[in-house]
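Colleague: just coords:
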């Protein structure tokens, strides 16, 4: 089958001035399309940037991508591939539609529209837009079906098809979809917004072609991709070939105790060869009918998001950043779910876990370069904590609202800076939440607090970002119902790098019968849930119908960023400043950082002795390296982050104290000391599932922590890296 | 005895002053800004004005009836952190409001900065956490006291903040705009504990919903007040000593003037004092020449600022962006990108880029000969022949063509294999295209088509580049006003005394409502507006306005309950009827669909008014001015070679003395005015109108 595309015979020459002018105009066209969608839609979900607009090449590669919610970024390219594959009668005036998660979406809510742009009878480009629809049917309002056991209980699935054929609306298809939503008008309005955005962008694209000629425009798109690809490949060649691996877990609650919580694993084995990179997720747990299974669209989105935000930080964003990338995973895993697995939570489940494991693997590789170690960061986004509330509001009207407050998690630490507090997300770089007052005006829930949780970011030489906690109580209503969903309750997804500790876990908590309004009315402050009477209960990570009645209190605490480097190496003055800013408690300052403060100032002598005694205790608990340490090392050849120096002959030494650790050929883990960490060694809100252990790998010389990870309690099953000789 | 009306714009580099006398004669004067003594730069321009008119400085000052100015004092103090330490008091449980920033870390950044995750961090909070204290109290959305104020807790908080070094106090409690009882009591307690303390209450200064922006703006205001006051006191003293007899006025971000006594309370409302002047001037001149819809384009050394005049009124924003902070104060909307005469050109991967990095004033473009070696837009303009090296800034600076050529050759021509001239034209093409793209974006975002607008071009480099970006946009007319080089100062002189009063008082209509007045009772709306109007009237009268000269515009911020966009919709009458309320909602739907597209409105879900606003204005005396158009010019224009469209072409070069009413200029041509250079492109014609403005049109 042949497609009328002209991508094979485009000229490669476009002069540097025209290139830059056209490139900027493509950006401007893309943002004009996006603005149109945003304006016409008016939907709060769209405004939370859960949408995107893109310009694609004739072959369906992403040419222009903006900084929207990034997780679904790859599904547009997948959709165009499907359309080109299935249709050989694509014509001017066609607009395609799809939301089938098994083909090209993260979940059913994400509806994609794509339009080919024709010049002289040939496709020269595609325009695409996608937005999360507020409801597309299924068993639960909002179409996040947390208890669905198969896909047929979820929202409507739209196969690849044409919503507009030769400029004529396919009214039957339109009506079929709109009728299946609980929110007919809103969905219809979003669809109109898509068509308006595509129309505007197409018109402007034609104007650009009229002025510069379609070949110049196509050549510009090709060249932006080629440039990004070339820059990425050059960067990859600077990094050592090898296999890098990191594992993250998806905890699926069946109840309250660890025994009831199932752990799914999502390991990422990343192989870098010359200027190519392959992410292999084949050892992930099989799919199961639990909330949070993701499809291939979610998995590719996870990898694409990381490629953009790590390698792409100084390179133009487009498909060039994916050309050297291969993603390996057979169908039927928790990250490649197939029919009939339920996938409505696929936008906020195993795809996030894949981001964490792939992010860890990338960080382990980048840290071999002194030039790029400052690009490395630990798992950046742990879980999207779904907080959807519904009921009758203070005006006596029905309401349903997703609280965006849980987006305010702490960011990961880097080799040169702390993680961003309350708002460090990578997957929505420009995202945030609304004001408390705006929420209270619209919904019958009074906030008791919305604040940063001290010590919630992982401790480190640079600490992870602290995250948000908010507590609500119903007001002027009898009760509300919460649809709650998250992972990262029983194990932190946000591990640190090079000795930094993991960030805190996610948690939903409820008090029934607290009498909080009476308590406040009598002038007594409420500083924490512990100030209140009533029945206290930690809710499971997935709670499809949590009842929050008048007098009850609900609290959500998010998962936060991991640290970078051993906390004992943090500048004590920074710890003192953190304590003053209430980012770190006095307890954590002493216990994790070994910093003793007197009247707010650092007591240097006491700090030195406190740090020494922590090291002594570590040494006493350390299991010695499996292999004896060597004493001789050749010329230094490089580094591995803050922890190792590498030498001729594949020998490693401690980057902190220069102690020679030994050969790397059986994994660096074998030449490091090992300390199993307990609650006293970790931040206060870090839970470690009984099947797992938090383990510190330390230098047997100076006992500085070189890496902290969560791994199977009976032993680590992977190596962080194996370099190709 | 002559009477003078004087307006100054004190910018970062230059102070521009316009002096108009009672006969309408306009003088335009420019001098260097003296950063630590802004009055000095103003006096320097007035010395020039006095010389031109052959009077003594003291005599000129004594005859000034109105003196208005725009200043960067508040802006600079804020951007440079030279403000007072604020002790901030907030509701228990919400003391992290400022540092949380609602989670946003990308406000005020461009796309390139947003996508670089490793350097994407929040700006420091306006008030550090150790200077923020929580007090036990709580008021709910309906203004009801949920938890009474714990006064002992307030006293403890004040002591704590003083110990932490607080110099002034700001109070911002949740829902204080709905019920200010707790904030007022907190203020009393602060003054009891710290006699004479400077206290700013959010419920008084900015009674608007949205605690983040309200708290931020209140805190910034508190920190700026003493700084602005000191500066204004010294400014006034210097001018008074030199002979000024009237109270000087200051431009606010909202495009109106206020007395020093008033701005001292609203210091944060002056952070856009300078830039908005140009938009007001364009509004004024546009009205005179029949341009109701204007895109204002101000291209300076480092940035390109775009504003809009729609149907004769500047487009306003409900907020003011300063650095990376968005203050909840209405301002004349101005959008900027880093494209100016000093923008640096570079080549990466064979691709030519211009800006956003700028060479600034120091070292400046290579051709300035101040040590700059990187090629800039100004260097390109010089190499291409648009700038006259011997007549730049009225001959105050001689430009070095060779240095410009070397910089372009080294950094652009060689890496791309172009000739120096081709590279220079490439730089200009790229920067002009970026500016055209921004103008397009600004108009499209408002729901308009740029071809319905006239472009007004001013600022140091605007008149030189406008022929290109204006032509690309398809705008029918490009206007270089006679005031181009001092346009903002001129606008400041055209402004009215202005007071804005606001109050958030959320009111909703239930879904399915058709008679909106039933849920939004006119009498209730009137009562709110009347209270706001009374406050505005009191303040304007205190500023010297005659009561019967005051005009009021009443408007609401309103949205569809199911949707997100908030628009400001005015009421036409002073006493509202049910028909007025329903008419306002109809008008809202109309504006909404005009801006966001037909069918975008969703009235069935009900509407919500959040904020009431009264804008009260009173005109400041001014002369009808005559901008100096001449009946007939003298002499013949010269000729210069200009590199345009890939080849050297002859261009006629006009100077000020050649211009006269009705002069027709055929492009390619250059007009060298005292402080700016105007270019009429190939394929364009220009007319000089009877005001002296140069109007360029595509042929």
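Modeller: Alright, I've got the coordinates. None of these values were measured; they are calculated from a predicted model. Numbers count the residues shown, from 1 in each chain, chains lettered A, B, ... in the order given.
Colleague: can you map out the helices along the stretch 151-300 of chain A?
Modeller: Secondary structure of the stretch 151-300 of chain A (DSSP state H, counting those that start in this stretch): helices at A:171-179, A:184-212, A:214-237, A:296-309.
Colleague: kindly report the residues of the stretch 501-650 of chain A close to chain B.
Modeller: Residues of the stretch 501-650 of chain A lying close to chain B (CB under 8 Å from any CB of the partner chain) are A:517, A:520, A:521, A:523, A:525, A:526, A:527, A:580, A:581, A:582, A:583. Glycine gets a C-beta too; all of them are placed from N, C-alpha and C.
Colleague: who wins for most neighbours among the residues you listed?
Modeller: residue A:583 (26 neighbours; other CB atoms under 10 Å in any protein chain shown).
Colleague: show me what contacts the closest residue to residue A:357 other than its chain neighbours?
Modeller: Of all residues not flanking residue A:357 in the chain, residue A:268 sits nearest, at 3.8 Å (CB to CB, 6 or more residues apart in numbering or on different chains). For residue A:268, the contacting residues are A:245, A:246, A:247, A:279, A:280, A:281, A:354, A:357, A:358, A:360, A:361, by CB atoms under 8 Å, 6 or more residues apart in numbering or on different chains.
Colleague: same check on residue A:644?
Modeller: A:652, A:653, A:654, A:655, A:661, A:668, A:706.
Colleague: 10 Å - rerun?
Modeller: A:367-368, A:498, A:638, A:652-656, A:661, A:664, A:668, A:671-672, A:699, A:706-707 (CB atoms under 10 Å, 6 or more residues apart in numbering or on different chains).
Colleague: please convert the buried members of those residues into ChimeraX selection syntax.
Modeller: A single ChimeraX command selects the buried members of these (16 or more other CB atoms under 10 Å in any protein chain shown):
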select /A:367,368,498,652,653,654,655,656,661,664,668,671,672,699,706,707
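Colleague: need the helices of the stretch 151-300 of chain A in a markdown table with mean pLDDT, distance to residue B:311 and mean neighbour count, can you?
Modeller: A markdown table is the format used below for the helices of the stretch 151-300 of chain A (pLDDT from 0 to 100; distance: least, CB to CB, whole Å; neighbours: other CB atoms under 10 Å in any protein chain shown):
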| stretch | mean pLDDT | distance to residue B:311 | mean neighbour count |
| --- | --- | --- | --- |
| helix A:171-179 | 96 | 37 | 14 |
| helix A:184-212 | 92 | 23 | 20 |
| helix A:214-237 | 96 | 36 | 20 |
| helix A:296-309 | 96 | 42 | 28 |
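Colleague: out of those helices, which is closest to residue B:168?
Modeller: Comparison of the helices of the stretch 151-300 of chain A against residue B:168 by CB to CB identifies helix A:296-309 as nearest, at 40.9 Å.
Colleague: strands paired with the very next helix or strand once past that closest one, and their directions?
Modeller: Downstream of helix A:296-309, the next assigned helix or strand under DSSP states H and E is strand A:325-328. Sheet pairing here is set by DSSP bridges, and for strand A:325-328 it gives strand A:276-280 (parallel).
Colleague: next, the angle from the partner strand to helix A:214-237.
Modeller: Put simply, strand A:276-280 runs at 80 degrees to helix A:214-237, going by axes from the mean of the first three to the mean of the last three CA atoms, to 10 degrees.
Colleague: what does strand A:276-280 contact?
Modeller: Contacts of strand A:276-280 (CB under 10 Å, 6+ apart): A:232-233, A:236-237, A:239, A:241, A:243-245, A:267-272, A:299-300, A:302-303, A:306-307, A:311, A:323-329, A:354, A:357-358, A:361-362, A:365.
Colleague: what is the mean pLDDT for it?
Modeller: Here strand A:276-280 scores 98 as its mean pLDDT.
Colleague: tell me which residues in that strand are buried?
Modeller: In strand A:276-280, counting by 16+ other CB under 10 Å, buried: A:277, A:279, A:280.
Colleague: and the helices in the stretch 501-650 of chain B?
Modeller: Going by DSSP H, counting those that start in this stretch, the stretch 501-650 of chain B shows helices at B:516-519, B:522-542, B:578-596.
Colleague: of all those helices, which lies closest to chain A?
Modeller: helix B:578-596 (4.0 Å; CB to the nearest CB).
Colleague: by mean pLDDT, point me to the weakest helix or strand of the chain.
Modeller: Picking chain A for this. Here the helix or strand of chain A ranked lowest by mean pLDDT, DSSP states H and E is helix A:44-47, holding a mean of 68.
Colleague: um, chain B though
Modeller: One helix or strand of chain B scores below all others by mean pLDDT, DSSP H and E: helix B:73-79, with a mean of 84.
Colleague: for that one, give me every contacting residue.
Modeller: Contacts for helix B:73-79 (CB under 10 Å, 6+ apart): B:10, B:12, B:35, B:38, B:72, B:82-84, B:126, B:220-221, B:223-228, B:230-232, B:235, B:250, B:253, B:263, B:266-275, B:322-325, B:327.
Colleague: if I look at residue A:228, how far off is residue A:21?
Modeller: Distance, residue A:228 to residue A:21, using CB to CB, to the nearest Å: 19 Å.
Colleague: sorry, wrong one. I was asking about residue B:563.
Modeller: 36 Å.
Colleague: for residue A:396, give me its contacts.
Modeller: Residue A:396 neighbours (CB under 10 Å, 6+ apart): A:444, A:476, A:477, B:510.
Colleague: from the residues you listed, which ones fall inside helices?
Modeller: Taking DSSP state H, every one of the contacts of residue A:396 sits outside helices.
Colleague: pull out the buried residues from the residues you listed.
Modeller: Looks like these have A:444, A:476, A:477 buried, using 16+ other CB under 10 Å.
Colleague: quick one: which of those is nearest to residue A:617?
Modeller: Using CB to CB as the measure, the one of those that approaches residue A:617 most closely is residue A:444, at 51.0 Å.
Colleague: now do the closest residue to that closest one other than its chain neighbours, the pLDDT please.
Modeller: Residue nearest to residue A:444 in three dimensions, not counting chain neighbours: residue A:477, with 3.8 Å by CB to CB, 6+ apart. For residue A:477, the model assigns a pLDDT of 97.
Colleague: residues in contact with residue A:477?
Modeller: Here residue A:477 is in contact with A:391, A:392, A:393, A:394, A:396, A:399, A:443, A:444, A:445, A:548, A:549, A:550 (criterion: CB under 10 Å, 6+ apart).
Colleague: now with 7 Å?
Modeller: Residues in contact with residue A:477, defined by CB atoms under 7 Å, 6 or more residues apart in numbering or on different chains, are A:391, A:392, A:393, A:394, A:444.
Colleague: and it, how far is that from residue A:446?
Modeller: 10 Å.
Colleague: what secondary structure does the nearest residue to residue B:248 once chain neighbours are set aside sit in?
Modeller: Computed as CB to CB, 6+ apart, the closest residue to residue B:248 that is not its neighbour in sequence is residue B:67, at 4.7 Å. Per DSSP: H, G, I helix; E, B strand; the rest coil, the secondary structure class of residue B:67 is strand.
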